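# no sequence for this one, just the structure:
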């Protein structure tokens, strides 16, 4: 009894590529006659190991034997429009090699990036349908906030200046900042709330913090007339919030 070590291949083209790689030659330069003999030896080993030799392996063996026998015959002088089976086989091998290398590259990248996860930007949701903004309506407040966004520098192309970034602001920090602005002054202009901040995340967080304070009636907003400046002032529950702190 003796054991035969045989490599596992996915199909006849895979077998041929394995045989060619052992020859250390290009597909275009490989000897089909030599590869045919080695391929038939491989088929014989598969049968000895009771490995099923499917029809595709038999078809490839027939093609190789046909190409080998044709190469031993004199070539006709006249040109033929019929495609050369040897050239067709080389083309199939080149295409299969390209596909196999691409699959290997994708598998490699899958292993490299399988443990990397991305997080989408955090979205804040707040229901403003039941809020009362004193004399300022929801549309007016949204219009004023839109004006703030268009005036901030993050909407213009960035230059090559290196800027130091602060830690992301939380909604609670935004609420504390707005209340801090009203400690020494009973009111402040809407635009002045955002004057010391320039990133979109900070601007949006400040606006959400303002909505929360409006909802709790800790602050209020006032506008003398349509399109007039909006003023942020202390709300009815301002004193209660101040005492709790």
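Cool, the structure landed. These numbers come from a predicted model, not from an experiment.
# any buried residues in the helix or strand hosting residue 41, and which?
Per DSSP states H and E: residue 41 is located in helix 32-48. Neighbour counts over helix 32-48 (16 or more other C-beta atoms under 10 Å) mark 32, 35-36, 38-39, 42-43, 46 as buried. Placement of C-beta: from N, CA and C, glycine included.
# need the next SSE after that helix, C-terminal direction.
Using DSSP H and E, the next helix or strand after helix 32-48 towards the C-terminus is helix 55-71.
# give me the helices and strands touching that next one, please.
helix 12-23, helix 32-48, helix 85-113 (3 or more C-beta pairs under 8 Å, 6 or more residues apart in numbering; DSSP states H and E).
# show the average pLDDT along the helix holding residue 41.
Summarised as a single mean, pLDDT over helix 32-48 is 81.
# now the angle between helix 12-23 and it, please.
Counting by axes from the mean of the first three to the mean of the last three C-alpha atoms, to 10 degrees, helix 32-48 lies at 120 degrees to helix 12-23.
# so helix 32-48 versus helix 85-113, what angle?
60 degrees.
# what about residue 223, how many neighbours?
19 (other C-beta atoms under 10 Å).
# quick check: the gap between it and residue 151.
18 Å (C-beta to C-beta, to the nearest Å).
# same thing with residue 181?
Distance from residue 181 to residue 151, by C-beta to C-beta: 19 Å.
# the two: who's more crowded?
A count of neighbours by other C-beta under 10 Å puts residue 181 above the other of residue 181 and residue 151, at 16 against 10.
# now do the contacts for that one.
Residue 181 makes contact with 188, 192-193, 232, according to C-beta atoms under 8 Å, 6 or more residues apart in numbering.
# same deal with residue 235?
Residue 235 neighbours (C-beta under 8 Å, 6+ apart): 213-214, 216-220.
# hmm, 6 Å instead?
Neighbouring residues of residue 235 by C-beta atoms under 6 Å, 6 or more residues apart in numbering: 217-220.
# from residue 88, how far out is residue 66?
11 Å.
# what strand or helix carries residue 233?
strand 230-234.
# so which of the helices and strands packed on helix 55-71 is the most packed in?
Among the helices and strands packed on helix 55-71, helix 12-23 has the highest mean neighbour count (mean count of other C-beta atoms under 10 Å), at a mean of 17.
# could you check the angle that helix makes with helix 55-71?
Using the same axes, to 10 degrees, helix 12-23 lies at 60 degrees relative to helix 55-71.
# which other helices and strands contact helix 12-23?
Other helices and strands packing on helix 12-23, by 3 or more C-beta pairs under 6 Å, 6 or more residues apart in numbering; DSSP states H and E, are helix 32-48, helix 55-71.
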